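Any chance you could fold what I've pasted below:
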Amino acid sequence: MRRRSLLLMAGAGAGGALLLGYALRPPSAAERLGAPDPERLQLNAWLRIGADGSVQIAMPRAEMGQGVHTALAQLLAEELDADWHRVGVVDVPVAQVYANQALLLNVLPLQPHDDGLLARFARGAGQRLGYWLHLQVTGGSSSVRDAWGPLRLAGASARQMLLQAAAQRWQLPRESLRTEAGRVWAGERSIGYGELAAAAAKLDPPTEVALKPRSQWRLIGKPVPRLDLPAKVDGSAVYGIDVTQPGLLHAAIRQSPSFGGSVVALDTAALRAERGVVDAFVLQGHTAVVIADRWWRAEAALKKHPPRFDAGPKAAWNSPLMRTQLRRALDQRDGLAFRDQGDADALLDGGAIRADYELPFLAHATLEPQNATAQFKDGKLTIWAPTQVAAIARFRAAEVAGVDQQAVTLHTTYLGGGFGRRLETDAVEQVVAIALRTGGRPVKLLWNREEDFSQGVLRPMAIARFGARLGPDGLPLAWRNVVAGPSLTLSTVQRLLPALAMDMPDKNHIEGAYDLPYAIPAIEVRQLRVDCGMPVASWRSVGHSINAFATECFLDELAASAGRDPLAYREALLAQRPRHLAVLRRAAQLGNWGAALPPGRARGIALHESFGSICAQVVEASIGDGKVRVLRVSLALDAGSLVNPDTVRAQMEGSVIFALSAALYGEISIEGGAVQQRSFAQQPLLTLAETPAIEVALIESEAEPGGVGEPGVPPLAPALANALSTLTGRRIRQLPIRL
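Modelled structure (predicted):
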């Protein structure tokens, strides 16, 4: 079979079954080029060159401030030798060729320490793996890692086709030509890509393409201007909340405050009599909906005539009860071993250092509340949504509307914050159900702030229980950690893709705990899944946000017990990990570790690897009038090859602020089965006055890219807690930090 035939078959299978071989293994970078479309001057599925020389790069990943549109465009434009000033991005429909393969590694419960888990997964994974390979998703700090090979290959392949088209036009050997800034050159003569695109699109893609050596990079690794910033500065950027269409209606909702509750009364007649109201009804038994010509009118009508709710089966649930459940489970069960080397249990009999670390539920609290717009007309469904999961959103929307997925067109807007919250499809499903009642008119659904806080899926509550025994040199001989909490992966799959749910170990629950980089002879790490009755899901840095705090704080406890400096203690345990050591030492150097501080100040340090990147932070803090003040954060990062250093630096600075807000103020408490925090007044964001000086050191590396959006979050809380423990003389074992 010719390669092009294979690609065309793969493309044709995007809406149906995968080729057998494609389903049982991730596709190669070459297979992910996709089939060219000469009618649109596409040289492959990833780019379009206009007759004017403009380059439009397919963008299947969501832009939520992380700079992914620019980074992915840099990868392709580098190998294409495009003129960066002529490069743009274009939204693309859901298709198999745009599936995020790197994300697969984040969600599958595979890890190197237990062959039994791998075998157990493989026995039932064929169909599920095939589905995951379809997912067009933005998450898990995976976008650049996923695109690193395919997009560079797409650019290099297109460049070779343009060279071949020029060679045929000029009757010259292709090897005698060169490319630069969107033009093909033969000596002093040149021709623009736009003039060659039509001819190039008729050629077969090359079967072998060499990527540029690092020494020839002009865009990768350079701080090029971000593609999304001009529109965000001049106000033309379209977020989900900005979408407008002719004849647009607006919907406001009230959902049962208690998880699992229902609407028992709604005065639809009174609501429909209010000015501008078009319709009022109960959706799925638990959500009151009002549709009006203006959102404020729909919202005002609901405030005037609020629904009455029954709290439902979880009316007795509260945070203390769930905390008790976790502790009882830890007392009674061992859980599943994710890592078991040496004989930690035997070594921990007597003389062990023990501690529990507790973390609360957290809300994502995106600044843009949940929203989506939909129109159902003539059997076709069109959706505009700020979503991280285009493929799943389209699938769920089709189910709600009762149409084939091919009848659904989904446009992904800019996201006003994601953090994992927009991996969910609840707002999309709701607006589709509402659009079925509007007679073909488009309708926009917008949650108010209180709904956004109280109805969100939560970062799981968790308790991590530790035991360790030190050797004569003060270093740990044995380490045992059992992490108790609900399974966020199982909870998410049961909501979004129930047919794919299976009772499997949850890697996301235990990540950052089982894969410690420290050299400890006997390590046992166990996962204890305990259903707390609340919907839980991924929150920025996922399980690492839980386990980094617990592991790095407990490591400091061991250093204190041994009478060792926390930096030197980690260095001794990382002797065989040169990359980790380099990051740790660079953060310590940047943060002036060991230098004298004024009275009332202290430093703390933490190191954590997540999403393929290593991050260390030194936090300098003080306490005044009973309040924590973070004065300085010094951060070092090894994220492999960097595509846009400016974006990486910005992500690290944003991660520190995000993580510090959570460490000081982040907590969702449950009472009567309902979230008690209703706005930023109860769960504040860090203010400008509270924001510390942030210094970032990016360590150059030739390794493949690691993640960037999340690795800066996990080390902050433990570094801060370790600094405050030095100041107060007592260990901080609970978040948010309370003195």
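
Could you check how far residue 92 is from residue 156?
According to C-beta to C-beta, to the nearest Å, residue 92 and residue 156 sit 20 Å apart. All C-beta spots, glycine's among them, are computed from the backbone N, C-alpha and C.

Residue 550 sits in which helix or strand?
Under the criterion of DSSP states H and E, residue 550 resides in helix 543-562.

Residue 494 too?
According to DSSP H and E, residue 494 maps onto helix 488-496.

about what we covered before: for the helix holding residue 550, give the mean pLDDT please.
Here helix 543-562 scores 98 as its mean pLDDT.

Mind giving me the packing neighbours of it?
Secondary-structure packing of helix 543-562 (3 or more C-beta pairs under 8 Å, 6 or more residues apart in numbering; DSSP states H and E): strand 353-359, strand 462-470, strand 476-485, helix 507-510, helix 566-573, strand 601-610, helix 716-728.

for residue 299, what are its contacts?
252, 290, 448 (C-beta atoms under 8 Å, 6 or more residues apart in numbering).

Backbone dihedrals for the first one, please?
The main-chain torsion angles of residue 252 are listed as degrees, to the nearest 10 and equal phi -120, psi 150.

Name whatever forms a beta bridge with it.
residue 290 (DSSP bridges).

Could you double-check that it lies in contact with residue 304?
No: look at residue 252 against residue 304 with C-beta atoms under 8 Å: they stay out of range, at 11.7 Å.

Which one's more surrounded, the two?
residue 252 (24 against 11; other C-beta atoms under 10 Å).

Could you tell me how far that one is located from residue 369?
11 Å.

and for these two, which residues touch both?
In contact with both residue 252 and residue 369: 446, 448, using C-beta under 8 Å, 6+ apart.

neighbouring contacts of the helix or strand where residue 587 lies?
Residue 587 is located in helix 578-590, with elements delineated by DSSP H and E. The contact list for helix 578-590, computed with C-beta under 8 Å, 6+ apart, reads 517, 567, 570-571, 574-575, 594, 605, 607, 609, 614-618, 634-638, 695, 697, 699, 701.

Of these, which qualify as buried by neighbour count?
517, 567, 570-571, 574, 605, 607, 609, 614-618, 634-638, 695, 697, 699, 701 (16 or more other C-beta atoms under 10 Å).

The stretch 301-450 of the chain: strands as residue ranges?
Here the stretch 301-450 of the chain has its strands, by DSSP state E, counting those that start in this stretch, at 308-310, 336-341, 353-359, 371-377, 380-385, 408-412, 443-446.

weakest of these by average pLDDT?
strand 336-341 (a mean of 92).

Tell me the strands beside that strand, with direction?
Strand pairing (DSSP bridges) places strand 336-341 next to strand 522-529 (antiparallel).

Give me the contacts around the partner strand.
With contact meaning C-beta under 8 Å, 6+ apart, strand 522-529 is reached by 329-330, 333-345, 347, 477-487, 490, 505-506, 509-510, 513-514, 516.

Next, find the distance separating the most centrally placed residue in the chain from residue 729.
A centroid search over the chain (C-alpha atoms, centre = their mean) returns residue 139, at 3.1 Å, as the residue closest to the centre. Between residue 139 and residue 729 the distance is 41 Å, computed by C-beta to C-beta.

next one: residue 431
Distance, residue 431 to residue 729, using C-beta to C-beta: 54 Å.

more neighbours, the two?
residue 431 (29 against 7).

Might one say that the more buried one is in contact with residue 373?
Yes: proximity of residue 431 to residue 373 meets the contact threshold set by C-beta under 8 Å, at 6.5 Å.

intersection of neighbour lists for those two?
383, 385, 443-445.

from those residues, which is closest to residue 203?
Residue 203 lies nearest to residue 383 out of the shared contacts of residue 431 and residue 373, by C-beta to C-beta, at 36.4 Å.
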